[in-house]
Every structure is written in C-alpha cells, then in structure tokens.
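Student: Dropping the sequence and predicted coords here.
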Amino acid sequence: GEAKPTVKKRKLSARDDAILTSLSEAIAAHGVEPTAEIKAKFGGFDSLRGNQQKIVNIEHWRELAYKAIVVDTNTEDAKRKAFKRCRDKLLNQGFTVEYDAYAWRIFE
C-alpha cells in the first residue's frame, strides 16, 4: 500500500473549514502585499509558494466569515463569538497567522 504520511492532518469542523475558505476569499478580493516588517518577522513569504502570499485586513475576513457562519441564534453577537473561537483555533493549530490588523494563511 502507500506510505502514510506521519503528519496527522488536523481535522477541521465544517464551520472552521468554511471560515478558513472565507479567509482565502478575502485575500483574493482584498489582499495586500505584506509589509517589510511582516516579511522580516514571519517566515514563509520567501518560499516559492509564499511569493504570491498576500495578507488581508481582518475586517474584510470578518465580513466574509459572517456570511459563512450559520449559528442557531443569528445575532451579531453569536457570529462574533463563533468567528473569534474559530480564529483562535485556526491560529493555534497553525493554519493562519495574525499580526496587527492582518491575517494570512500558512501553507506548509
């Protein structure tokens, strides 16, 4: 059979996945070049893949994420909490980076 990669792929819930996708969409629509400071502070922008890597203002991400979030009580507050929880999770699990007012994805 095939050699199984040893790295366990972290499983994202449907919501987390939708929010991660909304980050990609926000970057596609509103992404900007990372600043010199961000490039200096964070690796990954010099790799082949990272060269096209853009960052996006978290507010743009939030806007798209809110459309992706379905919560039982569709209040602004419920969405805010869901988005925050998910952001923390994506950050902690190494899917995304946040710095200043910006967020971007990490590609291994």
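Tutor: That came in fine, so what should we check first? No experiment lies behind these values; they were computed from the predicted model shown. Residues are numbered from 1 along each chain as shown.

Student: which residues of this protein fall in helices?
Tutor: Taking DSSP state H as the test, the helices found in the chain are 14-30, 36-41, 58-68, 76-92.

Student: can you redo the ones you listed as TSV with mean pLDDT, distance to residue 104 and mean neighbour count?
Tutor: Backbone N, C-alpha and C define where each C-beta goes, glycine included. Conversion of the helices of the chain to TSV gives the following (pLDDT from 0 to 100; distance: least, CB to CB, whole Å; neighbours: other CB atoms under 10 Å):
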stretch	mean pLDDT	distance to residue 104	mean neighbour count
helix 14-30	95	7	18
helix 36-41	91	8	12
helix 58-68	95	10	18
helix 76-92	94	11	15
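
Student: residue contacts, residue 80?
Tutor: If you count contacts by CB atoms under 8 Å, 6 or more residues apart in numbering, residue 80 has none.

Student: I'd like the distance between it and residue 31.
Tutor: Relative to residue 31, residue 80 is positioned 23 Å away (CB to CB, to the nearest Å).

Student: same deal with residue 25?
Tutor: 10 Å.
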